[in-house]
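[1] Here is my input, please return the structure:
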Amino acid sequence: MAATFWKGKNSTLIFMLRGKRVQEFNVVSWQVKREGTEIADPICGQNRDELDFETNYFSITVKVKSRTLKLIRALLAEQANRDAMTTLKDSAMGFVIKPNDGTKGNFQAVGYVMGGWDINVGGRVERNETSLPGRARDFLELPAAA
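    A predicted model of the protein is given here:
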């Protein structure tokens, strides 16, 4: 029997904004990308550079659709807290992945900071879509629950 690749239906996103779980949206897609510096050191006597990569942070892009206005209100409340220069509570992104082989992995974006989100409402019959970009200091697998 051929193994199948895990799909979007095998993953769940958990979004914590200002210490509160925001769950009033449906995830269309998410992406985690390692961002960093490409290193190429030319060393005397070698015909090619020594190559390396230094990770700076992880970019996270989440696209969602909303049935209610709760997500917009949560985003505006987060902006109001920033404008008021209050101490910000931690925000976080958690990812649960359940491949078709019965295993499960839990991952977390550590040190998550939301970027410049945008709300897109298309034509007359198009559904809304909100893009929630952000950055995290690290992307780690969480230990399995005992």
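[2] can you tell me which residues contact the residue positioned nearest the centre of the chain?
    Nearest to the mean C-alpha position of the chain, by C-alpha atoms, centre = their mean, lies Ile60 at 3.4 Å. Neighbouring residues of Ile60 by C-beta atoms under 8 Å, 6 or more residues apart in numbering: 30-33, 93, 109, 112, 133-136. Placement of C-beta: from N, CA and C, glycine included.
[3] and it, what are its bridge partners?
    Beta-bridge pairing of Ile60 under DSSP bridges involves Val32, Gly134.
[4] now it: how far from Ile97?
    Between Ile60 and Ile97 the distance, using C-beta to C-beta, to the nearest Å, works out to 15 Å.
[5] Likewise for Ile119?
    In terms of C-beta to C-beta, Ile119 sits 27 Å off from Ile97.
[6] same deal with Lys63?
    Separation of Lys63 from Ile97 (C-beta to C-beta): 17 Å.
[7] Just send the contacts of Ile60 back as TSV, with distance to Asp83 too.
    Formatted as TSV, those follow (distance: C-beta to C-beta, whole Å):
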residue	distance to Asp83
Trp30	28
Gln31	29
Val32	29
Lys33	29
Met93	23
Ala109	24
Tyr112	20
Pro133	20
Gly134	19
Arg135	20
Ala136	23
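[8] Arg127: which of those is nearest?
    Proximity of these to Arg127 (C-beta to C-beta) peaks at Trp30, which lies at 17.7 Å.
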